[in-house]
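# next comes the sequence, and after it the predicted model I'd like to discuss.
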Amino acid sequence: MAAPRILIVKLTSLGDVIKALPVVDDIRRALPGATVDWVVERPGDSLLALHPDIATVIPLELRRYRKEGRYGAALRGVWRDIGLLRAHRYDCIVDLQGRRKSAIVAALARGPAIGPAPGPSSEPMYHRFYRRAVRRALFEGRDAISVNRILAAQALGYPMPSSPPRFGLRPGSTPPGDLAPPEPFAVLVHGSSKPEKTLPEATWIELGRWLSSRGLGCLLPWGDSQERARAQRLADAIGSAALVPQRMPSLTDWVGILARAAVVAGVDSGITHLAAASGAPTVAIFTATSSATFRIEAETPHRNLGDAGRKVALAEIQAAVADLLGSRSEPGVSGEGH
């Protein structure tokens, strides 16, 4: 029997795409010789291109067209990409998104589609595009990474692996020197599109000064003009050890930067999850989202602090960072904050 060709459908967002990456390694181990393709919205395609076991990345731009109100352009864009979606006959199409949009994309490809059964808050009727739906009882209440791994295992007929998730990203070329301070350095992911996820500026300033006193530079990323202004305020207060990138790194740059970081401390955001996937010791800080659902799970040393509705103290973050700085030579160290 020929090795299967499989299409993964996980379109957005950055954090969700990252949390789905371990299914590629699971498939490779369970089904040796399988070819794995992935359809994703841009700019996620540049990230997936760093995974050596993804054969073809099919990029879409649905979200950009929708934000711009260009629904006609979105339709033409999908039509343009339909050739790529239908270039191969797939033995199985696995929709890990479980939304109407992703189910339609799965249905446009050639092959049987399988995805999650709907729940009480799901969009109506999307599951009718599937050949088969995976029962929610098999994955409900699990963390996001485990949900993806269970869905793929159920769709493709192999046991859910018990091994830690492996993300498989391989950094490309060394990022330009203007994007990160000299090593060793820490990355402080202070920004989020949701203000309730952020921490007080005073917490980041004290953390940055504390890291600086230990000989680490501090990189302060930003994603929009408001975050850039906050990053600059923080850098000014931390001192000369802090760096604000003068331009926004690409996702490819970020993987290279994060892979070189001594430690990353950040709020629940795509960059924080990318840090763990890139192999950086990572402290994830939760204040408005459930750590049980969105926590980091990785082979790299990591800590998950806080939970929805709970404040995380500076001393708690410092203790977790110090712990990870001391365990950098001990792969697989993980844990939860208390």
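Cool, the structure landed. Residues are numbered from 1 along each chain as shown.
# contacts for the host helix or strand of Arg209 next, please.
Using DSSP states H and E, Arg209 sits within helix 201-213. Applying CB atoms under 8 Å, 6 or more residues apart in numbering, the contact partners of helix 201-213 are 186, 188, 190, 218, 220, 230, 233-235, 237-239, 241-242, 265, 314, 317-318, 321. Backbone N, C-alpha and C define where each C-beta goes, glycine included.
# can you pull the buried residues of that helix?
203-212 (16 or more other CB atoms under 10 Å).
# dump that helix to CSV, restricted to CA.
C-alpha atoms of helix 201-213 as CSV (Å, rounded to 0.1, in the frame of the first residue of the first chain):
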residue,chain,number,x,y,z
GLU,A,201,4.5,48.5,33.0
ALA,A,202,6.2,48.7,36.4
THR,A,203,6.4,44.8,36.5
TRP,A,204,8.3,44.7,33.2
ILE,A,205,10.6,47.5,34.2
GLU,A,206,11.6,45.8,37.4
LEU,A,207,12.0,42.5,35.7
GLY,A,208,14.1,44.1,33.0
ARG,A,209,16.4,45.8,35.5
TRP,A,210,16.7,42.6,37.5
LEU,A,211,17.8,40.7,34.3
SER,A,212,20.1,43.5,33.4
SER,A,213,21.8,43.3,36.8
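# packing partners of the next helix or strand after that helix?
Remark: after helix 201-213, the chain's next helix or strand is strand 217-219, criterion DSSP H and E. Where contact means 3 or more CB pairs under 8 Å, 6 or more residues apart in numbering; DSSP states H and E, strand 217-219 is packed against strand 185-189, helix 201-213, strand 242-243.
# neighbouring strands - and their directions - for strand 217-219?
Here strand 217-219 has these sheet partners by DSSP bridges: strand 185-189 (parallel), strand 242-243 (parallel).
# which outside residues touch the shortest one?
Outside strand 242-243, the residues within contact range by CB under 8 Å, 6+ apart are 180-181, 185, 208, 212, 217-220, 234-236.
# which residues sit in contact with Met125?
Counted by CB under 8 Å, 6+ apart, Met125 has contacts Arg100.
# show me where the stretch 201-338 of the chain has its strands.
Secondary structure of the stretch 201-338 of the chain by DSSP state E, counting those that start in this stretch: the strands cover 217-219, 242-243, 263-267, 282-286, 302-306.
# helices of the stretch 201-338 of the chain, start to end?
201-213, 225-238, 251-260, 270-277, 291-294, 314-326 (DSSP state H, counting those that start in this stretch).
# what angle sits between the fourth one and strand 185-189?
Read that as helix 270-277. Taking axes from the mean of the first three to the mean of the last three CA atoms, to 10 degrees, one finds that helix 270-277 is oriented at 140 degrees with respect to strand 185-189.
# please export the C-alpha coordinates of helix 270-277 as PDB.
C-alpha atoms of helix 270-277 as PDB (Å, rounded to 0.1, in the frame of the first residue of the first chain):
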ATOM      1  CA  GLY A 270       1.600  34.000  19.800                       C
ATOM      2  CA  ILE A 271       5.300  35.100  20.300                       C
ATOM      3  CA  THR A 272       5.400  33.500  23.800                       C
ATOM      4  CA  HIS A 273       4.100  30.200  22.400                       C
ATOM      5  CA  LEU A 274       6.500  30.500  19.400                       C
ATOM      6  CA  ALA A 275       9.300  30.900  21.900                       C
ATOM      7  CA  ALA A 276       8.600  27.400  23.500                       C
ATOM      8  CA  ALA A 277       8.200  25.900  20.000                       C
END
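# numbering from 22 from now on, please.
With 22 as the first residue, the last one maps to helix 291-298.
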